[in-house]
Every structure is written in structure tokens, then in C-alpha cells.
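J.: prediction below, plus the sequence it came from.
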Protein chains: 2
Amino acid sequence: MADNKSPDASRRSERSRRAIFEAALALVGEVGYQKTTIEGIAARAGVGKQTIYRWWPSRAAVLLDAYSDLADQAAAAVGEVGAAIPDTGDLAADLRLVLRATVDELVDPTYDVPTRALTAEGVVDAELCAQYVERLLRPSLKLYADRLAASRERGEVRADLDLETAVEMFTGPLSGRWLMRTGPLTHAYADRLVDYALNGLAPR
Amino acid sequence: MADNKSPDASRRSERSRRAIFEAALALVGEVGYQKTTIEGIAARAGVGKQTIYRWWPSRAAVLLDAYSDLADQAAAAVGEVGAAIPDTGDLAADLRLVLRATVDELVDPTYDVPTRALTAEGVVDAELCAQYVERLLRPSLKLYADRLAASRERGEVRADLDLETAVEMFTGPLSGRWLMRTGPLTHAYADRLVDYALNGLAPR
């Protein structure tokens, strides 16, 4: 996105960029990652393929930007500021809020369909997976880790807590249930996950 | 597998069946689910494609049987009886044993490569996913659920424990880390998962 032109040209660029993102996400959802091509995205977006090549070096790069933009929109739609998980001092309440919002995203086809396609490709393509994790997944997991670290500072979770594993206690079950469609995704489920992860399965 | 012939014919059938399973798993790992065809499996296995069509109605059916056979072999290799998770009366120890064995399977390319290919396809193909879950995933999750139910009977876990969610506290983080390659899969990690899932993240 190195364009730096008149206001009209910038608006046209922004319109093209949005059209390209929408075309890329729609295509990858319809035909899968493998069959989504730069040519196909260009045709569907109504732009020349040179426009895409000018802005992005590869299909993976367009898709990761498109997906990143979608995730930002999804976060904005549920009122997340995107930069952090709230810290009201009540860890369980804060995590329930975030997990419920994530459930809402995962059941929304706008988000579900392209995310499945990209995740499926990442499962079998280690290089794309590394980019996906670094660009999109890791920053999102870090929000949980930061929130848990703040609680660890205050003694609200185990002092020796391994943050990476701790984050997975929330995100792992939810992602697994979503990806393999093994159970309903509801707010009650989100709340139960938070309860089990924080308090464990042993008798109270 | 409706063959019911002389011992020699049975041996030949069994050899063909094994060759077909190996060819199917190798192909799906190399070229992905979409590009794996009955013709390709037959050519690689050195059998006529009518042999495959006689025994299986579809590509998905061959692959699910091949994968099921692989999972049985993997379980046998680590000394699992396959029918149940041990119940020594020490829930944490029993779960550590199973999670460690699962880690050993997941880092073995024999298991990792075809399982990734099948899982990736299940992520985007709801119909295949439903078969995969019913045939392979659900029975494996049930082993955990049964073991947890036995502990629930004895008051070793919460009396109101939701078994499906409880199982996911072990399998979800592990599957997620494996699928997206977000961290090392080790026995120490398996042990930590069991500890966190049973005892939670809150201060002890």
C-alpha cells in the first residue's frame, strides 16, 4: 500500500483494496485456498491483476491481510478495542466477556468460512501456518497471556503459571470444538470453559 | 471386506488391503485429500481399481478405514489395549500416561502427516468431518469421558462435571498446539496439561 496520491486516487485505492479483500475471502471460502488465485481475486474484485501484484507479493500475503482486516472488523463489531482484554480486576468476568465474543465470531459465517479455509491450509502447509501464527494467531493469544500475566502479578492465578499453556486452556477447547464441529458453541459453553480452566475439574 | 475364500486367497486379500491402506495414507499425506483418487491409490498399491471399488464405496470410506487401522496400530505400538484408559485409581497418573502416549503419536510422521491431511479436509468439508468425528474422533474422546465418569462416581472430580467439556480440557489444547504448531509437544507439556485441567489456574 505505497500509494500516496490525490484524495480521489486514495479513495479509489481504498475502494480497490476493500474489493480485493472481499473477493479474496469470498473465493477462499468457496473454492478453498489451493484454488484461489491472484487472477481469480482480480477478476472478482474487478481490478487488474497488476494492481494486486503491485501491492502484495503473493496470494498468501493478500489473504493474510484480508483476514487480518476481517478480524479487526469482527473485533470492532463486538466493541473490542482490539489492543487488550479488559482488566476490571475480575479475571473470570473479563475472560467470559472475551470468550463469549469469540463464540459470536465463530458462529458468524462471514468469519467462519474464510477462517476455516485458511486454518485448513495452515494445518497441511507449515510455511503458511508459520505466517498465519505470527501475523494473526500469536498477537491474539498474546492478549490472553498479557491479561493472565496481570492477574499473576496480583496473585490471582498460580505464581508459577506457564502463560502459553494457560492461554491454551481457554482457546484450545473452543477452537477444537469449532474446527471439528463436535459440540454447540454457546455463551454457556464459554462460561463453563472459563470456570473449568480457572478452577479445574477436581472437587471444589 | 466380504471375502470368504481359501486361506491363500484370504492372505492375498489381506496383503491387498494393507497395500491399499498404505498407499492411501501415503498419497493423502503427499498430495492432500483433494488430489488423492481411487485410481491413484490403486496404481500405488499395485491393485486394480475394481478391487478398491469392490470393498469401499468411496475415497472417504477407504481413507477412514486406513486411518482407523493406523490409529489401531499406533495404540498397539504404545501398548494401549485400545478399549479403555487405565483406571488405577489415580486419575492424574492415568491421564498423564494417555496424554504422553498421544504426544508420542503426534510427533511421529507416520501418524502426523496423514492425520493432518484428513483433519484439514474435515475442517472445510462438513460431511467428511461428521464421518471422521463419528468413526474416529468420538470413540477416542469417549475413552476419556468414560474414565472421567468413573472418577466422578468416586467423587474425585466435581459432581456436576460436564464430561464433554471436561474431555476438551485435555484434548483441545494438545490438538491446537499440534495442528497450528504453536509450541513444543513434550511429556512435560502433557503433564502440565493434566495438572492445569484437573486443578485449574487459580492459586492452590
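T.: Looks like it came in fine. Numbering: from 1, shown residues only, chains lettered A, B, ... in the order given.
J.: could you list the buried residues of stretch A:32-49?
T.: By neighbour count on 16 or more other Cβ atoms under 10 Å in any protein chain shown, the buried set for stretch A:32-49 is A:Gly32, A:Tyr33, A:Gln34, A:Thr36, A:Ile38, A:Gly40, A:Ile41, A:Ala42, A:Arg44, A:Ala45, A:Val47. (Each C-beta comes from the backbone N, C-alpha and C, glycine too.)
J.: tell me the one of these nearest A:Thr171?
T.: Using Cβ to Cβ, A:Tyr33 comes nearest to A:Thr171 of these, at 22.2 Å.
J.: now the closest one: closest residue in space, sequence neighbours ignored.
T.: A:Glu121 (3.8 Å; Cβ to Cβ, 6 or more residues apart in numbering or on different chains).
J.: got phi/psi on the one you found?
T.: phi -70, psi -40 (degrees, to the nearest 10).
J.: quick one: it from A:Ala24, how far?
T.: Using Cβ to Cβ, to the nearest Å, A:Glu121 is found at 13 Å from A:Ala24.
J.: ok, now which ones touch the closest residue to chain B within chain A?
T.: Minimum separation of chain A from chain B (Cβ to the nearest Cβ) falls at A:Gly200, amounting to 2.9 Å. Contacts of A:Gly200 were listed using Cβ atoms under 8 Å, 6 or more residues apart in numbering or on different chains, and they are B:Tyr196, B:Ala197, B:Leu198, B:Asn199, B:Gly200, B:Leu201, B:Ala202.
J.: could you dump the helix or strand the first one falls within to CSV, C-alpha only?
T.: According to DSSP states H and E, B:Tyr196 maps onto helix B:187-199. Listed next in CSV are the C-alpha coordinates belonging to helix B:187-199 (Å, rounded to 0.1, in the frame of the first residue of the first chain):
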residue,chain,number,x,y,z
HIS,B,187,5.9,-35.2,28.0
ALA,B,188,6.4,-32.2,30.3
TYR,B,189,3.7,-30.4,28.4
ALA,B,190,1.4,-33.4,28.7
ASP,B,191,1.9,-33.5,32.4
ARG,B,192,1.3,-29.7,32.8
LEU,B,193,-2.0,-30.0,30.8
VAL,B,194,-3.2,-32.7,33.2
ASP,B,195,-2.2,-30.6,36.2
TYR,B,196,-3.9,-27.5,34.9
ALA,B,197,-7.0,-29.2,33.7
LEU,B,198,-7.6,-31.1,36.9
ASN,B,199,-6.5,-28.4,39.3
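J.: contacts for stretch A:54-72 next, please.
T.: In contact with stretch A:54-72 (Cβ under 8 Å, 6+ apart) are residues A:1-2, A:17, A:20-22, A:24-25, A:28, A:33, A:36-38, A:41, A:52, A:82, A:110-111, A:114-115, A:118, A:128, A:131-132, A:135-136, A:140.
J.: domains for chain A, by residue range?
T.: A:1-56, A:59-199 (automatic domain parsing).
J.: which of the ones you listed sits closest to B:Ala75?
T.: Between the domains of chain A, domain A:59-199 lies closest to B:Ala75; by Cβ to Cβ that is 19.7 Å.
J.: looking at the contacts of A:Gly200, spot the one nearest chain A.
T.: Nearest member of these to chain A, counting by Cβ to the nearest Cβ, is B:Gly200, at 2.9 Å.
J.: phi first, then psi, for the closest one.
T.: phi 80, psi 180.
J.: what's the spacing between the residue lying closest to it once chain neighbours are set aside and B:Asp195?
T.: Once flanking residues are discounted, B:Gly200 sits nearest to A:Gly200: 2.9 Å by Cβ to Cβ, 6+ apart. Per Cβ to Cβ, A:Gly200 is found 9 Å from B:Asp195.
J.: what's the distance between the most centrally placed residue in chain A and A:Thr110?
T.: Centroid-nearest residue in chain A, with Cα atoms, centre = their mean: A:Ala71, separated by 5.0 Å. As judged by Cβ to Cβ, A:Ala71 and A:Thr110 stand 11 Å apart.
J.: likewise A:Gly32?
T.: 17 Å.
J.: picking that back up, doesn't A:Pro114 make contact with the residue nearest to A:Tyr33?
T.: No: taking Cβ atoms under 8 Å as the definition, A:Glu121 is not a contact partner of A:Pro114, at 10.9 Å.
J.: neighbour count: A:Glu121 and A:Ala24, which is higher?
T.: Neighbour tally, A:Glu121 and A:Ala24, criterion other Cβ atoms under 10 Å in any protein chain shown: the higher count belongs to A:Ala24, 29 against 23.
J.: what about the helix or strand of chain A with the lowest mean pLDDT, distance to the chain center?
T.: Least confident helix or strand, chain A: helix A:59-77 with a mean of 86, by mean pLDDT, DSSP states H and E. Per Cα atoms, centre = their mean, to the nearest Å, the displacement of helix A:59-77 from the mean C-alpha position of its chain is 8 Å.
J.: what are the buried residues along it?
T.: For helix A:59-77, by 16+ other Cβ under 10 Å, it's A:59-60, A:62-67, A:69-71, A:74-75.
J.: cool, stretch A:15-34 as well?
T.: Going by 16+ other Cβ under 10 Å, stretch A:15-34 has these buried residues: A:16-17, A:19-29, A:32-34.
J.: contacts made by that stretch with the rest, please.
T.: Stretch A:15-34 has contacts (Cβ under 8 Å, 6+ apart) with A:1, A:35-36, A:40-42, A:44-47, A:51-52, A:55, A:62-63, A:65-67, A:69-70, A:113-114, A:116-118, A:120-121, A:128, B:32, B:34, B:124.
J.: tell me which of the contacts of stretch A:54-72 fall in helices.
T.: Within those, residues falling in helices by DSSP state H are A:17, A:20-22, A:24-25, A:28, A:38, A:41, A:52, A:110-111, A:114-115, A:118, A:128, A:131-132, A:140.
J.: could you report the neighbour count for the residue nearest to A:Val107 when sequence neighbours are not counted?
T.: Distances taken as Cβ to Cβ, 6+ apart put A:Leu185 closest to A:Val107, at 5.4 Å, once the chain neighbours are dropped. Residues within reach of A:Leu185, counting by other Cβ under 10 Å, total 17.
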